[in-house]
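Peer 1: got a predicted structure here, sequence first:
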Amino acid sequence: MSFREKYARLARYYDVLERPLDRFFCPLRRKAISFIEGKRILEVGVGVGKTLKYYPRDIELCGIDAVPEALGIAEKKAEALGLNACFREADVEELPFPDKSFDTVVSSFVFCTVPNPERGMKEILRVLKPGGRAIFLEHTRSDSKLINYLFLWPMKLILKPLLEDDPLRETHRLVTKYFEIEKEESHYRGIVRLIVARKPLGE
């Protein structure tokens, strides 16, 4: 079963399945969205729209995801919230937008499932305007070797075949390869990181 098929089956249940984690993750989603700049915002891997309620109403938001079933749920949420938003089926590794299109790009718990994360990172860099902001809220390898060994490795053994999810990626290090880091926060011993970065003006 493909990545898209797996998430298509989960889409309608995703909010319910993740509800036990909302108390930990939703405050971080709110904080991540508080760092957006400008009017034209892209959220990659928007999924069922867990972040939508935190966006201001005076922006132009575009959300992309590879799973159309999830996008349908996100679109209904955006309509109920009165957001000026559009949604497109697309992959972060091949974004259907011209160079330098957006003021801010947001990624919320996405890069743990991207098949080619480096390619996805390059695409985000490409569609950002020079000096534009990139915001990443991601599952990452912990700062603690013990947590990695006792918790994240067993999680990977379950989540990788089930959802193509790798909780041991070092997305925070990949971000530093392409962007200028403005802020990085480590939460829950590095299992989750919030990274606020900027595209260099010369890019």
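Peer 2: Nice, I can see it.
Peer 1: what about residue 193, helix or strand, and which?
Peer 2: Applying DSSP states H and E as the criterion places residue 193 in strand 192-198.
Peer 1: ok, residue 34 touching residue 54?
Peer 2: Yes. Residue 34 lies in contact with residue 54 (CB atoms under 8 Å); the separation is 7.5 Å. Glycine gets a C-beta too; all of them are placed from N, C-alpha and C.
Peer 1: those two: who's more crowded?
Peer 2: residue 54 (16 against 12; other CB atoms under 10 Å).
Peer 1: contacting residues around the more buried one?
Peer 2: By CB atoms under 8 Å, 6 or more residues apart in numbering, the residues touching residue 54 are 29-30, 33-34.
Peer 1: make a ChimeraX selection of whichever of these turn out to be buried.
Peer 2: Applying 16 or more other CB atoms under 10 Å to the contacts of residue 54 leaves a buried subset, and the ChimeraX line that selects it is:
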select :29,33
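Peer 1: can you redo the contacts of residue 54 as TSV with distance to residue 116 and pLDDT?
Peer 2: Output for those, formatted as TSV (distance: CB to CB, whole Å; pLDDT from 0 to 100):
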residue	distance to residue 116	pLDDT
29	25	96
30	30	97
33	26	98
34	30	98
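Peer 1: among the contacts of residue 54, which are located in helices?
Peer 2: 29-30, 33 (DSSP state H).
Peer 1: so which elements touch the strand holding residue 193?
Peer 2: helix 22-33, strand 128-139, helix 171-178, strand 180-187 (3 or more CB pairs under 8 Å, 6 or more residues apart in numbering; DSSP states H and E).
Peer 1: need the winner for burial among the ones you listed.
Peer 2: strand 128-139 (a mean of 22; mean count of other CB atoms under 10 Å).
Peer 1: could you pull out the strands in this protein for me?
Peer 2: All strands of the chain, identified by DSSP state E, fall at 40-44, 60-65, 85-89, 102-108, 128-139, 180-187, 192-198.
Peer 1: tell me the angle the first one makes with strand 128-139.
Peer 2: What it means is strand 40-44. In terms of direction (axes from the mean of the first three to the mean of the last three CA atoms, to 10 degrees), strand 40-44 departs from strand 128-139 by 40 degrees.
Peer 1: is residue 89 in a bridge, and if so with what?
Peer 2: On the basis of DSSP bridges, residue 89 is bridged to residue 65.
Peer 1: with just CA atoms, put stretch 139-155 into CSV.
Peer 2: The C-alpha trace of stretch 139-155 is given here as CSV (Å, rounded to 0.1, in the frame of the first residue of the first chain):
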residue,chain,number,x,y,z
HIS,A,139,9.6,15.4,15.0
THR,A,140,13.3,14.9,15.3
ARG,A,141,16.0,12.7,16.9
SER,A,142,16.2,13.4,20.6
ASP,A,143,19.1,15.1,22.3
SER,A,144,19.1,12.0,24.6
LYS,A,145,20.6,8.8,23.4
LEU,A,146,18.6,6.9,26.0
ILE,A,147,15.3,8.3,24.7
ASN,A,148,16.3,7.5,21.1
TYR,A,149,17.2,3.9,22.1
LEU,A,150,14.3,3.2,24.4
PHE,A,151,11.5,5.2,22.8
LEU,A,152,12.1,6.5,19.3
TRP,A,153,13.7,3.4,17.8
PRO,A,154,10.8,1.2,18.9
MET,A,155,8.4,3.9,17.6
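Peer 1: done for today, thanks.
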